[in-house]
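[1] What would the 3D arrangement of this be:
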Amino acid sequence: MTSANFFKRGAQWLTNQLHGHGSESISYTRSGEAALSLMAVIGKSDFEQVDELGNVFQTRSTDFLIRSSDMDFGAGQVDPLAGDKVFLNDGLGRIHQYEVKKRFTPSPPTNLIFAALT
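    Numbering: from 1, shown residues only. This next block holds a predicted model:
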């Protein structure tokens, strides 16, 4: 086995472990399509920018890692598109809505889609 295959298999194994033990149920919708019930690993990314006057701007992005093979509304696998929506139940009776801000494509070798939503 070559080292490239070894690392590819390792990345796939790690992806499967993360998805199997660290994912949560979400509802994914696209205009005109039925909702998908998917599993996603959820994270947050914080950003900070300081302008020339010293003003600090902070933003937070909620990130969803979704298996690309799960993104199928019935006519074959699709990529997330800007405007798609994700609904997440926080376990406290509240449902949070997020919107995809740009188009994403799967990243080999893991075939996970990184969808950053705010």
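[2] so where is this structure shaky, pLDDT-wise?
    1-4, 103, 105-118 (pLDDT under 70).
[3] Sheet partners, orientation included, of the biggest strand by length in it?
    Longest strand in the chain, counting residues (DSSP state E): strand 36-50. In the sheet, strand 36-50 lines up against strand 23-29 (antiparallel), strand 56-67 (antiparallel) (DSSP bridges).
[4] Throw the ones you listed into a markdown table and include mean neighbour count, thanks.
    No exception for glycine: its C-beta is placed from N, CA and C like everyone else's. Conversion of these to a markdown table gives the following (neighbours: other C-beta atoms under 10 Å):
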| stretch | mean neighbour count |
| --- | --- |
| strand 23-29 | 16 |
| strand 56-67 | 15 |
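[5] possible to save those strands as JSON lines with distance to residue 7?
    Formatted as JSON lines, the strands paired with strand 36-50 follow (distance: least, C-beta to C-beta, whole Å):
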{"stretch": "strand 23-29", "distance to residue 7": "23"}
{"stretch": "strand 56-67", "distance to residue 7": "19"}
